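*Asks:* what's the 3D shape of this:
(2 chains)
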Amino acid sequence: MRTIGWLLVLVYATSLPGSAQKAGDSNPATAVRALEGERVKAEARNDNDALDLILDNAVVYIEAGKVISKGDYLLRVKSAKPQLQQIVLEAMTVRTVENTAIVVGTYRKTDGKDGKSLKRWRFVDTWVNKKGSWMLVAAAATPLAK
Amino acid sequence: MVALLASVGTSASYAQGDADSDVEAKILATEHMWGQAYVSKDPKALERILDDAFVNIDSDGVVQNKAEAVAEVSTSTIVQFLTESMVVHLHGNTAIVTGIFQLKGVDHGKPFAQRERFVDTWLYKNGQWISIAGLVTRIGP
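*Replies:* The predicted structure follows:
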């Protein structure tokens, strides 16, 4: 998943109202779903401050088969070039167990210039509620076979 | 293997004071048992390790539930399953494990080998660490 080196432009599959404060939503699944959208939107804006609040300091990010630390992730988002690629978030399911949430979904990456679809990915994200805030502790994706 | 599983299942509550290193050791031991279940074709081991709502994504992006994972063990053709570079990240009663597995097997007389990266999510539930999600992906260049 080499996308974090590029600026992302989002097209939401579903409406994602509100902001990161949605973590306080009384429905955990709704809060986590909103935060998933906020995370990708923050990448699109190169908004490392927002990402810093969403990502746990010990987040594990699996990108193209490599393990990326939070520091490396933020560094690459910060240095991303604008509008080279779009990410379209597709279906997403959220399951919460106690203070943990598992999100399984798919997204596709499209070229920012001609809109041609490049590749679809399936992802699993793990969120943990820490002191009332949902934090992303693991994010991993693998390309879908054609 | 059964003794190890029982040890994981009957351990004192994590929240009541197990050291992080002890917890990590238990989780890694269970990861090991998970892999060995494929070699010994032991679906009962997986029944205990995986949450009923377990979900796994394989390296082709295919979603697999607990029943499918357990069934896969019964028909496994894997003869060797090794893990390496495993790291545990604890977040209270949730744990993330990353690592690499290497497996070898023989399918219809034809040997095969795989080496892939995985990430598993574990939850301390009812006095036991169980896996609630996993993803496997090909190792990047």
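*Asks:* Show me what counts as buried in the longest helix along chain B.
*Replies:* Assignment by DSSP state H gives helix B:20-40 as the longest helix of chain B. For helix B:20-40, burial by neighbour count (16 or more other Cβ atoms under 10 Å in any protein chain shown) applies to B:23-24, B:26-39. Heads up, the C-betas are built off the backbone N, CA and C, glycines and all.
*Asks:* same for it, what does it pack against?
*Replies:* helix B:2-9, helix B:43-49, helix B:66-74, strand B:78-91, strand B:94-107, strand B:110-125, strand B:128-138 (3 or more Cβ pairs under 8 Å, 6 or more residues apart in numbering or on different chains; DSSP states H and E).
*Asks:* buried ones in the second one?
*Replies:* Across helix B:43-49, burial judged by 16+ other Cβ under 10 Å covers B:43, B:45-46, B:48-49.
*Asks:* Out of these, the closest to chain A would be?
*Replies:* Proximity of the buried residues of helix B:43-49 to chain A (Cβ to the nearest Cβ) peaks at residue B:49, which lies at 15.6 Å.
*Asks:* got a pLDDT number for the closest one?
*Replies:* On pLDDT, residue B:49 comes in at 96.
*Asks:* Please tell me how far it sits from residue A:139.
*Replies:* Distance of residue B:49 to residue A:139, computed by Cβ to Cβ, to the nearest Å: 23 Å.
*Asks:* How are the helices of chain A distributed by residue range?
*Replies:* Assigned by DSSP H, the helices in chain A fall at A:28-44, A:48-54, A:70-78.
*Asks:* what does chain A have sitting close to chain B?
*Replies:* With Cβ under 8 Å from any Cβ of the partner chain as the criterion, chain A comes near chain B at residues A:56, A:58, A:60, A:62-67, A:95, A:97-100, A:102, A:104, A:106, A:120-124, A:126, A:128, A:130, A:137-138, A:140-145.
*Asks:* pLDDT below threshold where in the chain?
*Replies:* Chain wasn't specified; assuming chain A. For chain A, residues meeting the criterion pLDDT under 70 lie at A:1-25, A:81-85, A:110-117, A:146.
*Asks:* let's do chain B instead
*Replies:* Along chain B, the parts satisfying pLDDT under 70 run over B:1-17, B:140-141.
*Asks:* need the residues of it near chain A, please.
*Replies:* Chain B has residues B:51, B:53, B:55, B:57-63, B:89, B:91-94, B:96, B:98, B:116-117, B:119, B:121, B:123, B:125, B:132-140 near chain A, with proximity defined as Cβ under 8 Å from any Cβ.
*Asks:* Name every strand pairing with the longest strand belonging to chain A and say which way it goes.
*Replies:* Ranked by residue count under DSSP state E, the longest strand found in chain A is strand A:81-97. Taking DSSP bridges as the criterion, strand A:81-97 pairs within the sheet with strand A:6-11 (parallel), strand A:100-111 (antiparallel).
*Asks:* what's the angle from it to strand B:110-125?
*Replies:* Taking axes from the mean of the first three to the mean of the last three Cα atoms, to 10 degrees, one finds that strand A:81-97 is oriented at 70 degrees with respect to strand B:110-125.
*Asks:* Dump strand A:81-97 to PDB, restricted to CA.
*Replies:* This file holds the C-alpha atoms of strand A:81-97, laid out as PDB (Å, rounded to 0.1, in the frame of the first residue of the first chain):
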ATOM      1  CA  LYS A  81       2.800  15.200  -3.400                       C
ATOM      2  CA  PRO A  82      -0.600  16.500  -4.200                       C
ATOM      3  CA  GLN A  83      -3.300  14.900  -6.200                       C
ATOM      4  CA  LEU A  84      -1.400  12.000  -7.700                       C
ATOM      5  CA  GLN A  85      -4.000   9.500  -6.600                       C
ATOM      6  CA  GLN A  86      -7.400   9.000  -5.200                       C
ATOM      7  CA  ILE A  87      -8.600   6.500  -2.700                       C
ATOM      8  CA  VAL A  88     -12.200   5.500  -2.900                       C
ATOM      9  CA  LEU A  89     -13.500   3.900   0.400                       C
ATOM     10  CA  GLU A  90     -15.900   1.200  -0.400                       C
ATOM     11  CA  ALA A  91     -17.800  -1.200   1.900                       C
ATOM     12  CA  MET A  92     -16.800  -1.300   5.600                       C
ATOM     13  CA  THR A  93     -18.000  -3.300   8.500                       C
ATOM     14  CA  VAL A  94     -17.300  -2.400  12.100                       C
ATOM     15  CA  ARG A  95     -17.500  -4.900  15.000                       C
ATOM     16  CA  THR A  96     -16.900  -3.800  18.600                       C
ATOM     17  CA  VAL A  97     -16.000  -6.100  21.400                       C
END
